[in-house]
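**Student:** A predicted structure for the sequence below; I have some questions about it.
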Amino acid sequence: MPSIDHHAPGTPNWVDLNTPDLERARRFYGELFGWEFLVGPKEDAHYTMCLLGGRKVAGMSLKDPASPGRPYWALSFEAADTKALAARVVELGGKLVVPPTDASGLGTFASCVDPTGAGFNLWQSGKHQGAQVVREPGSMTWHEVNTRDGVRAKDFYAALFGLEPRKRDDMSYWALHLGDTPVAGVLQMGPMWPKDLPPHWMNSFAIADVDGAAEQVKRLGGHVHVPPTDSPFGRFCIVTDPAGAGFTLIHPT
């Protein structure tokens, strides 16, 4: 299984689930992806590392009952300097939710919101270097921000992380490139999208059998919102887990 030891600054490096029920989440994702888990101690709110073949692929944290909003998968970007990037977020019109914070030597964290309203995190790696497996079945493979102002979003992320946005001719979509490599996307939400759906980052996980996985999601108590569909980038479906956190399953071409 291919592995990765570090992530380039300005690229997605980690996803973690914010959920009200860690035990149920472990059952769901363990069966769906074949993950094993390292559950942290009570003083760390039982923060859970998700493992694939013994290597870290994602995390899970317990959602504060007093915190508004639905459960979600949060995306982090590798930061060369979290403090400097957090200041740059504000300069570019975004907001800081959690200022740069040291995570006991594991890394330096900040939680942000882009100018269009989508949340994301900055993570300057220390002992924790982010996902150790990517683009393999059961691991993260693609990330795109769904927003109602695609132009502003693509300009923000390009300026923040030094990425080059390249527009696709056939849709309101920009791929954000680091050199020649696309690392994330920006999707303009149109009038067909639910009006109450806020801007957000959608995270995709690779899967070998999208159709079989969609049926498994339903059997495990989740929901399929977009059934298995072919696209130029692979067969995919959009689902939510039993607590309502959304993500995409894709068999990439």
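**Tutor:** Done, it's in.
**Student:** mind checking how far I207 is from A58?
**Tutor:** Distance, I207 to A58, by CB to CB, to the nearest Å: 14 Å. Heads up, the C-betas are built off the backbone N, CA and C, glycines and all.
**Student:** Tell me where the stretch 1-150 of the chain has helices.
**Tutor:** Under the criterion DSSP state H, counting those that start in this stretch, the stretch 1-150 of the chain contains helices at 22-33, 82-91, 150-161.
**Student:** Redo these as a markdown table? Include mean pLDDT, mean neighbour count and distance to R235.
**Tutor:** As requested, the helices of the stretch 1-150 of the chain are arranged in a markdown table below (pLDDT from 0 to 100; neighbours: other CB atoms under 10 Å; distance: least, CB to CB, whole Å):
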| stretch | mean pLDDT | mean neighbour count | distance to R235 |
| --- | --- | --- | --- |
| helix 22-33 | 97 | 18 | 16 |
| helix 82-91 | 98 | 16 | 35 |
| helix 150-161 | 97 | 20 | 25 |
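**Student:** quick one, which of the ones you listed is nearest to H223?
**Tutor:** Smallest distance to H223 across the helices of the stretch 1-150 of the chain (CB to CB): 11.7 Å, for helix 22-33.
**Student:** and the residue nearest to the spatial centre of the chain, what does it touch?
**Tutor:** Averaging the C-alpha coordinates of the chain gives a centre point, and the residue nearest to it by CA atoms, centre = their mean is L75 (3.5 Å). When contacts are counted by CB atoms under 8 Å, 6 or more residues apart in numbering, L75 is found next to 12, 14-15, 120-121, 143, 201, 203.
**Student:** give me the low-pLDDT residue ranges for the stretch 101-250 of the chain?
**Tutor:** Screening the stretch 101-250 of the chain residue by residue with the criterion pLDDT under 70, one finds the ranges 170-171.
**Student:** which residues in it form strands?
**Tutor:** 107-113, 119-125, 140-147, 164-167, 173-178, 181-188, 200-206, 223-229, 234-240, 246-252 (DSSP state E, counting those that start in this stretch).
**Student:** For the first one, which strands pair with it and how are they oriented?
**Tutor:** Pointing back at strand 107-113 there. strand 95-102 (antiparallel), strand 119-125 (antiparallel) (DSSP bridges).
**Student:** Dump these to TSV, plus distance to C50 and mean neighbour count.
**Tutor:** As requested, the strands paired with strand 107-113 are arranged in TSV below (distance: least, CB to CB, whole Å; neighbours: other CB atoms under 10 Å):
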stretch	distance to C50	mean neighbour count
strand 95-102	22	14
strand 119-125	16	23
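**Student:** Same list, those, but as JSON lines with distance to R24 please.
**Tutor:** JSON lines is the format used below for these (distance: least, CB to CB, whole Å):
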{"stretch": "strand 95-102", "distance to R24": "26"}
{"stretch": "strand 119-125", "distance to R24": "23"}
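**Student:** Just tell me which of the ones you listed ends up closest to T19.
**Tutor:** If you check each of the strands paired with strand 107-113 against T19 by CB to CB, strand 119-125 wins as the nearest, at 15.7 Å.
**Student:** just how off-centre is the closest one within its chain?
**Tutor:** Between the centre of strand 119-125 and the centre of its chain there are 11 Å (CA atoms, centre = their mean, to the nearest Å).
**Student:** Contacts for it next, please.
**Tutor:** Residues contacting strand 119-125 (CB under 8 Å, 6+ apart): 6-7, 13-14, 74-82, 85-86, 89, 97, 100, 107-114, 130, 145, 200-201.
**Student:** Emit the PyMOL select command for whichever of these are buried.
**Tutor:** In PyMOL syntax, the buried subset of the contacts of strand 119-125 is picked out as below (16 or more other CB atoms under 10 Å):
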select buried, resi 7+13+14+74+75+76+77+78+79+82+85+86+89+100+107+108+109+110+111+112+114+130+145+200+201
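**Student:** quick revisit: which of the strands paired with strand 107-113 sits closest to R27?
**Tutor:** It's strand 119-125; of those, that one is closest to R27 (CB to CB) at 25.7 Å.
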